[in-house]
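Colleague: I'll drop the sequence and a predicted model, then ask my questions.
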Amino acid sequence: MTTSRPRGRDRRPGERGDVLDPRCPTRQLLDRIGTKWTSMVVKVLAEEAPDEIRFAELRRRAPGISQKMLSATLQSLVRDGLVARRVEPTVPPAVHYRLTPLGLSLEGPLSALRVWAETHMPEIDRNNQLADESPAH
């Protein structure tokens, strides 16, 4: 059973949260892992697993992401323990990334969500078009 306590600091380590509780830290985690950039980065890193990939190559394989957004996304994933970062002491430094086992466990759920979106996008587009054409809109 999922329980919730009024304040996150009152939770015991390992206790599950309640995503319906506005104060639940799970909501913050879902905000971080639910972005398109996180999904793309995890996908690219999962394709390389268990190997590493350099920042520049990761950016090339995630079209549309800016250097700043990729850096921020990677920092968040590293902080959460989903991605490991390794720096080679060269000039300039070579920075490598790979999924941790925890990060690799996230690929399955994100992949399922990507497949769902790709499968249902035509239907969603039709629904949006109908809504845009309706007199009430």
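Modeller: Good, I have the coordinates. Residues are numbered from 1 along each chain as shown.
Colleague: helices or strands up against the longest helix along the chain?
Modeller: Longest helix in the chain by number of residues (criterion: DSSP state H): helix 101-133. On a contact count with 3 or more C-beta pairs under 8 Å, 6 or more residues apart in numbering; DSSP states H and E, helix 101-133 meets helix 36-48. Every C-beta, even on glycine, is put in place using the N, C-alpha and C of the backbone.
Colleague: Identify each buried residue in the longest helix of the chain, please.
Modeller: 103-104, 106-107, 110, 114 (16 or more other C-beta atoms under 10 Å).
Colleague: Please apply the same query to stretch 43-51.
Modeller: Buried, per 16+ other C-beta under 10 Å, within stretch 43-51: 44-46, 49.
Colleague: Any chance you could list what contacts that stretch?
Modeller: With contact meaning C-beta atoms under 8 Å, 6 or more residues apart in numbering, stretch 43-51 is reached by 53, 58, 61-62, 83, 97-99, 103-104, 107, 110-111, 114.
Colleague: Export these to TSV and append columns for pLDDT and distance to residue 89.
Modeller: Output for those, formatted as TSV (pLDDT from 0 to 100; distance: C-beta to C-beta, whole Å):
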residue	pLDDT	distance to residue 89
53	97	19
58	96	20
61	96	25
62	93	26
83	98	20
97	98	17
98	98	18
99	97	23
103	96	25
104	96	27
107	94	30
110	93	33
111	93	35
114	91	36
